[in-house]
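>>> Sequence and predicted structure are below.
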Amino acid sequence: MSAAGGPYDQRMKIWIAHAEGRDLLGPIPEGVEVEVFEGDEYPSDPAKVEFLVPPFFADDPAPVLTAMPNLKVVQLLSAGAETWVPIVPEGVALCNNRGPHTESTAEWALAATLASLRDLDRYARRQTERNWAPHRSPGLAGKSTLIVGAGAIGEAIARRFEASAAKVTKVARTARPGVHGIDDLPRLLPEADVVVVIVPLTAETENLADAVFLARMKDGALLVNAARGRVVDTAALTAEVASGRLRCALDVTEPEPLPADHELWGLEGALITPHVGGAVENFAERCYPPVGDQIRRFASGEPLVNVVENGY
């Protein structure tokens, strides 16, 4: 049988990562057995599993895959797939969960940008000191914003920024109407007050925001990383923020978690959240219905959606 699914004359075994997800899958086709595997003890023989929905953060998923010789599909709950791309065996379809995280991640990007540009992070630090110290802040309205990554999340961020009266320019790997190509970055970076990075982590995007990229940003600009930590050169960014030339708002870091003694934690120009862009309430209600749709496609032999190719 191909990775896209097909007829079965025996029960198809599927493992999902959360018990609450079972009732959110919708109708389960006849002959399909759903079990809960939260990443610890196997609920049954893993050799019979054909469709795996792993937890968000698996410490080392490779041993699980080794125990599943009949695996046909790995269906992620996350939009990012970089952890799984190198280890999923040939012939096994890897699918991400595009869509459920779009609005929440775009929400974080807007919130983090506003918090930084209105100095809310600095005021929060002053609050712990009981220090009433008002001052003028840049704000977002009228600012030039550059969104690097014009996929669904990038477009959702753009809509929010435009609603806040910011001037939005978008960049993607390939140029298209209304979107610049990645080759235009050297020209666009010096013009932007805010640069939002929201690209998938691939071999091409790793360290995209390196020392050269950061040096091209204008003095006082804000870098917002809602992508993956390895898209940004942490050492180069730390040096720029420590100098006071740039500010940053980060939901992801490299390494992650960021060590408690890392210099970034103490920098006045850094706002850091612990990878919570998609961490809103009712995540299961958002993530599991699309998984149920995928299970029904697989069981009936229909093509899968959101198949990861070329790293994303």
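Structure received.
>>> and the closest residue to Lys167 other than its chain neighbours, what pLDDT?
Excluding the flanking residues, the one nearest Lys167 by Cβ to Cβ, 6 or more residues apart in numbering is Ser144, at 4.9 Å. (Glycine included, C-beta is placed from N, CA and C.) For Ser144, the pLDDT comes out at 98.
>>> Contacts only, for Ser144.
166-167, 169, 191-194 (Cβ atoms under 8 Å, 6 or more residues apart in numbering).
>>> hmm, 10 Å instead?
Counting by Cβ atoms under 10 Å, 6 or more residues apart in numbering, Ser144 touches 166-169, 188, 191-195, 218, 221.
>>> same thing with Arg187?
180, 216.
>>> Which of the helices or strands spans it?
Applying DSSP states H and E as the criterion places Arg187 in helix 185-188.
>>> Quick check: buried residues in that helix?
185, 188 (16 or more other Cβ atoms under 10 Å).
>>> Return the list of helices and strands in contact with the helix or strand just after that helix.
Counting by DSSP H and E, the next helix or strand C-terminal to helix 185-188 is strand 194-197. Under the contact definition 3 or more Cβ pairs under 10 Å, 6 or more residues apart in numbering; DSSP states H and E, strand 194-197 sits against helix 102-117, strand 144-148, helix 152-163, strand 167-172, helix 211-216, strand 222-225, strand 247-250.
>>> for the last one, the distance to its chain's centre please.
Put plainly, it is strand 247-250. 16 Å (Cα atoms, centre = their mean, to the nearest Å).
>>> So for the helix or strand that it is followed by, mean pLDDT?
Remark: after strand 247-250, the chain's next helix or strand is strand 270-272, criterion DSSP H and E. For strand 270-272, the mean per-residue pLDDT is 98.
>>> So how do I select the buried members of the contacts of Ser144 in PyMOL?
With 16+ other Cβ under 10 Å as the burial test, the buried ones among those are selected in PyMOL as follows:
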select buried, resi 166+167+168+169+188+192+193+194+195+221
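>>> In TSV, list the contacts of Ser144 along with distance to Pro63 and pLDDT.
Listed next are these as TSV, based on distance: Cβ to Cβ, whole Å; pLDDT from 0 to 100:
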residue	distance to Pro63	pLDDT
Ala166	46	98
Lys167	49	98
Val168	44	98
Thr169	45	98
Leu188	44	98
Glu191	48	98
Ala192	44	98
Asp193	47	98
Val194	42	98
Val195	39	99
Lys218	47	98
Ala221	44	98
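>>> picking that back up, please save the CA atoms from the helix holding Arg187 in PDB.
Coordinates of each C-alpha in helix 185-188 appear next as PDB, following Å, rounded to 0.1, in the frame of the first residue of the first chain:
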ATOM      1  CA  LEU A 185      16.300  41.600   1.200                       C
ATOM      2  CA  PRO A 186      19.700  43.500   1.000                       C
ATOM      3  CA  ARG A 187      17.800  46.500  -0.400                       C
ATOM      4  CA  LEU A 188      14.700  46.200   1.800                       C
END
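>>> what about Ser78, distance to Arg286?
From Ser78 across to Arg286, the span is 12 Å (Cβ to Cβ, to the nearest Å).
>>> Please disregard the earlier target; I meant Pro89.
To Arg286, Pro89 is 29 Å away according to Cβ to Cβ.
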